[in-house]
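A.B. asks: next input, structure requested:
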Amino acid sequence: MVARYGMEPELGHVSYDSDRPRFLETGEQPPWRNLRYSEATAEHMDPAVMVVIEKIFERTAGLLENNYDVLEVTAKDLPEHKALDDADLQAIGEKVRRLETRDAA
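C.D. replies: This is a model prediction of the structure:
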């Protein structure tokens, strides 16, 4: 998100991501060889990526905490079913309580 889509305000709306290997290319070159940004920019990206990861972790933990009862019931029922099909997953999904988004614009 930070490097490919430029989703870091301080870095600007720029894609810094290098090209990915194409079909049947191995991509065995050193990862730094195709970088299109400086070491200083890379050092700024690292904490920005950590902020994104931390937000995702907090949201995931919040969803699990908010839906612990659904998780517990599903875990108890799973040994009986051995597997979940689409209808089972849909039914579980309907029970999940979503978190309110604080960043809604």
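A.B. asks: can we go C-alpha only for contacts and neighbour counts from here?
C.D. replies: Fine.
A.B. asks: list the buried residues of the longest helix seen in the chain.
C.D. replies: The single longest helix within the chain, with elements called by DSSP state H, is helix 39-66. By neighbour count with 16 or more other CA atoms under 10 Å, helix 39-66 contains the buried residues Met45, Ala48.
A.B. asks: quick one: name whatever helix or strand follows that helix.
C.D. replies: Note on helix 39-66: by DSSP states H and E, the next helix or strand toward the C-terminus is helix 68-81.
A.B. asks: what residues does the helix or strand just after that following helix touch?
C.D. replies: Going down the chain from helix 68-81, the next helix or strand is helix 86-95, by DSSP H and E. In this structure, residues lying in contact with helix 86-95 by CA atoms under 8 Å, 6 or more residues apart in numbering are Val70, Thr74.
A.B. asks: how far off helix 68-81 does helix 86-95 point, in degrees?
C.D. replies: Per axes from the mean of the first three to the mean of the last three CA atoms, to 10 degrees, the angle that helix 86-95 makes with helix 68-81 is 160 degrees.
A.B. asks: any idea how far helix 86-95 is from the middle of the chain?
C.D. replies: Helix 86-95 has its C-alpha centroid displaced from the chain centroid by 22 Å (CA atoms, centre = their mean, to the nearest Å).
A.B. asks: from here on, count from 8
C.D. replies: Sounds good: first residue 8 from here, last item helix 93-102.
A.B. asks: avg pLDDT for it?
C.D. replies: Here helix 93-102 scores 92 as its mean pLDDT.
A.B. asks: tell me the angle the longest helix of the chain makes with helix 75-88.
C.D. replies: 80 degrees.
A.B. asks: can you list the helices and strands that helix 46-73 packs against?
C.D. replies: Packing contacts for helix 46-73, counted by 3 or more CA pairs under 8 Å, 6 or more residues apart in numbering; DSSP states H and E, involve no helix or strand.
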